[in-house]
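Undergrad: Provided below for reference: sequence and predicted model.
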Amino acid sequence: MKNVYIHHIQSILNNCLITLKWVVFAILTGTLVGCVSSAFYFLLSYVNIVRQEHSWIIYLLPVAGLVIVGLYHLMHNDNDGGTNLVISAIHSGDRIPLRMAPSIFLSTALTHLFGGSAGREGAALQIGGSIGNALGSLFKFDEKDKHVMIMCGMSAAFSTLFGTPMAAAIFPMEMVSVGVMYYMALVPCVVSSLTAHGVAILFGVSGEVFHIAEVPGFEPLPIILGVVVAIACAFLSIVFCVFLHKVEHFYKKFLKNPYLRIFVGGCLVVLLTVALGTYDYNGAGMHIIEHAVAGNVIPVAFLLKILFTALTLGSGFKGGEIVPTFFVGATFGCLIGQLIGFNPGLCAAIGMIALFCGVTNCPISSLLISFELFGYAGMPYFLLAVAFSYMLSGYSGLYRSQKIMYSKYKTDFINKHTS
């Protein structure tokens, strides 16, 4: 009996030491990535102001593209896998070079400065993942612990840039292998996310918060209409992912030279901007999301943002897909709300969350981010939106390295990559 007690005490002490280890390294990762991501936030804010004050700068987008390709070549990142490389590094052990961080840092800033249509969070995941991996290598962690460090870095970067520490803590654990959560990383990712969030607040980085003017009560008709919006967004998520992948494939098939490819892509974005006579679809487009949540939208806005984003990212410009996803979801949801006569602002919020869930296949993160962006008043609508979008969005996804471990329709182990 005495030996049993000794064994339990040793086990508890060992667990405490492991927990302490991860708390220390999560704080270190959150602090470092929080500082770098805060600098990234302020840089992007600055370049977006410059672009808005000097709109002519968009005509230099094709030249900026050449600089980006040259930068990646100079840093020996010609075959950069982006966020897909970060994801595959967690479940298959691919190596993430530290040079990914400065490469994506500078190239995303150039994309935003000259008017490419891209977000920032995809870049943040790459920055955080590469720094986390580098710290794991520095401290001689084994491969499995390095994977946790990568997730810590991703959580910290996402938390800093979006101001959503709950969703940021869960997102890396959920997105890598859909249906299998890496719960071992829960404490490290939570601590890293909250630490980075604290660093962001210290530097004055403000997260995104949207206000829905009025949320109807939990009644049959509003619930049905909300589900209609979610279902429509689930199908749109498939279109969005397939279109982005097809445009990228088309570019690479017919324009094999990366310099020519990105130059042509930049020219197409410039021509489309001039033809439309508006800069609403350049950059991230957060102001359009705010208008949509307020109930105002141009009917074709979601289609144009899909086109601009595909032309930009498919040709080789750098950035993220998440804010464009929010843009498309918010404008599409608002449009449906106007068409069916149901609270366009709430429909914009439902659209954002449903489309995000559809393209990332991350229902828990989607629900958490809905609470952090919109509050809890719309909880029943967001919960239903996430559920229906996850089931009906099929096996498409933004990230081809992401794996769907279990079927969405039966309790079957399928272990397939998203399409």
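TA: Thanks, I have the structure now.

Undergrad: Can you list the low-confidence ranges for the stretch 301-419 of the chain?
TA: Judged against pLDDT under 70, the stretch 301-419 of the chain has no low-scoring part.

Undergrad: Now do the helices in it.
TA: Using DSSP state H, counting those that start in this stretch, the helices of the stretch 301-419 of the chain run over 301-315, 322-340, 344-360, 363-374, 379-392.

Undergrad: To S192, which of the ones you listed lies closest?
TA: Of all the helices of the stretch 301-419 of the chain, it is helix 363-374 that lies closest to S192, at 15.3 Å by CB to CB. C-beta: built from backbone N, CA, C; applies to glycine.

Undergrad: Need the residues that contact that closest one.
TA: Helix 363-374 has contacts (CB atoms under 8 Å, 6 or more residues apart in numbering) with 162-167, 170-171, 174-175, 207-212, 349, 352-354, 356-357, 360, 378-379, 382-383, 385-387, 389-390.

Undergrad: which of the residues you listed count as buried?
TA: Among these, those buried by neighbour count (16 or more other CB atoms under 10 Å) are 162-167, 170-171, 174-175, 207-208, 210, 212, 349, 352-354, 356-357, 360, 378, 382, 385-387, 389-390.

Undergrad: Does S396 touch S419 like I think?
TA: Yes: the criterion here is CB atoms under 8 Å, and S396 meets it with S419 at 5.6 Å.

Undergrad: what residues are shared contacts of these two?
TA: Residues touching both S396 and S419 (CB under 8 Å, 6+ apart) are C241, V242.

Undergrad: Which one's more surrounded, the two?
TA: Neighbour totals were compared for S396 and S419, and S396 leads with 18 against 13 (other CB atoms under 10 Å).

Undergrad: quick check: longest helix of this structure.
TA: In the chain, with assignment by DSSP state H, the single longest helix is helix 2-53.

Undergrad: Give me the neighbour count for the residue nearest to P344 when sequence neighbours are not counted.
TA: Spatial nearest neighbour of P344, excluding adjacent residues (CB to CB, 6 or more residues apart in numbering): G337 at 3.6 Å. The number of residues packed near G337 is 26, by other CB under 10 Å.

Undergrad: who touches the closest residue to G207 other than its chain neighbours in this structure?
TA: Of all residues not flanking G207 in the chain, G163 sits nearest, at 1.3 Å (CB to CB, 6+ apart). G163 sits next to H197, A200, V205, S206, G207, E208, V209, E372 when contact means CB under 8 Å, 6+ apart.

Undergrad: How about A185?
TA: So A185 contacts H147, V148, M151, C152, P172, M173 (CB under 8 Å, 6+ apart).

Undergrad: correct me, but K146 touches G129?
TA: No: if you go by CB under 8 Å, K146 and G129 don't touch, sitting 10.5 Å apart.

Undergrad: Among these two, which residue is more densely surrounded?
TA: Per other CB under 10 Å, whichever of K146 and G129 has more neighbours is G129, with 31 against 23.

Undergrad: and the gap between D80 and R95?
TA: Distance of D80 to R95, given as CB to CB, to the nearest Å: 13 Å.

Undergrad: Looking at these two, which one has more neighbours?
TA: Of the pair D80 and R95, D80 is the one with more neighbours under other CB under 10 Å, namely 19 against 9.

Undergrad: Now that one: closest residue in space that isn't a chain neighbour?
TA: Of all residues not flanking D80 in the chain, Y72 sits nearest, at 5.8 Å (CB to CB, 6+ apart).

Undergrad: so how far is D78 from that neighbour?
TA: Look at Y72 and D78: by CB to CB, they are 6 Å apart.

Undergrad: higher neighbour count, these two?
TA: Y72 (22 against 10).

Undergrad: which ones are touching that one?
TA: D78, D80, S103, S107.

Undergrad: Let's see that with 10 Å instead.
TA: Residues in contact with Y72 (CB atoms under 10 Å, 6 or more residues apart in numbering) are D78, N79, D80, R99, M100, S103, I104, L106, S107, P258, G316, K318.

Undergrad: Can you flag the buried ones in the residues you listed?
TA: Looks like those have D80, R99, M100, S103, I104, L106, S107, P258, G316, K318 buried, using 16+ other CB under 10 Å.
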